[in-house]
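**Student:** Below are the sequence and a predicted model for it; my questions follow.
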Amino acid sequence: MSDRQKSRKRLDQLFLMDATASLFLGAMALLAPHGFIQAISGGYNHNAHEALRLYGCLRIAVGWILFNARSVDDGKFRKSLCEALCVCYTLQSLAVIRAQFTDLSGHWINWIAILFLITFGYMYGLFRFGKNGDFIKIYELPSTSARSLR
């Protein structure tokens with residue numbers, strides 16, 4: 001198996017891991033009962049519960065996209081997807097880190113989220129920017145390239 005095939009297989013495995021986690025966590029967030037929200041936040045807040053449900057819908061959509069992206073052969077699309085997910089997970093981790101350190105009570109679930117978000121952000125960043133971005137190969141014929149159309 002060539003390095004390119006190994007890299008492709010590892011990225012497909014990362015997509016599958018992220019898709020599985022996203023679908024699972026999204027379903028949990030979407031179906032979270034009132035009592036769970038009350039236990040985590042110290043009291044029930046309807047707006048927080050709706051925001052969690054909406055986030056769950058987004059996680060489910062991301063999971064679906066990643067599950068289906070494994071069959072896409074377009075290297076440019078795969079690079080763009082890795083870049084977008086790296087930025088997304090990095091920004092989310094920064095938001096949760098800020099929340100953890102600005103709320104005096106803090107919460108253990110934030111530390112789990114921080115670990116999860118930083119890990120996935122790092123892994124996508126490694127694929128996108130590692131080896132100068134050469135983990136994902138892009139092959140385009142000069143006639144199909146967007147530059148040839150200019």
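**Tutor:** Perfect, I can see it now. For clarity, every value in this text was computed on a predicted model and none was experimentally measured.

**Student:** ok, and what's touching the helix-or-strand element of the chain with minimal mean pLDDT?
**Tutor:** None of the helices or strands of the chain scores lower by mean pLDDT, DSSP states H and E than helix 34-41, at a mean of 73. Surrounding helix 34-41, the residues in contact under the criterion C-beta atoms under 8 Å, 6 or more residues apart in numbering are 44-45, 48-49, 52, 107, 109. In short, each C-beta sits where N, CA and C put it, glycine included.

**Student:** Go again with 7 Å.
**Tutor:** Taking C-beta atoms under 7 Å, 6 or more residues apart in numbering as the criterion, the residues outside helix 34-41 that touch it are 44, 48-49, 52, 109.

**Student:** Could you list every helix and strand in contact with the helix or strand following that helix?
**Tutor:** In the C-terminal direction, the helix or strand that comes right after helix 34-41 (DSSP states H and E) is helix 46-69. The criterion is 3 or more C-beta pairs under 7 Å, 6 or more residues apart in numbering; DSSP states H and E, and the helices and strands that helix 46-69 contacts are helix 3-30, helix 34-41.

**Student:** What residues sit buried inside helix 46-69?
**Tutor:** Neighbour-count burial for helix 46-69, with 16 or more other C-beta atoms under 10 Å as criterion, is recorded at 49, 52, 56, 59-60, 62-63, 66-67, 69.

**Student:** and the angle from the very next helix or strand once past that helix to helix 46-69?
**Tutor:** Past helix 46-69, heading to the C-terminal end, the next element that is a helix or strand (DSSP H and E) is helix 75-102. Angle of helix 75-102 versus helix 46-69, following axes from the mean of the first three to the mean of the last three C-alpha atoms, to 10 degrees, is 150 degrees.
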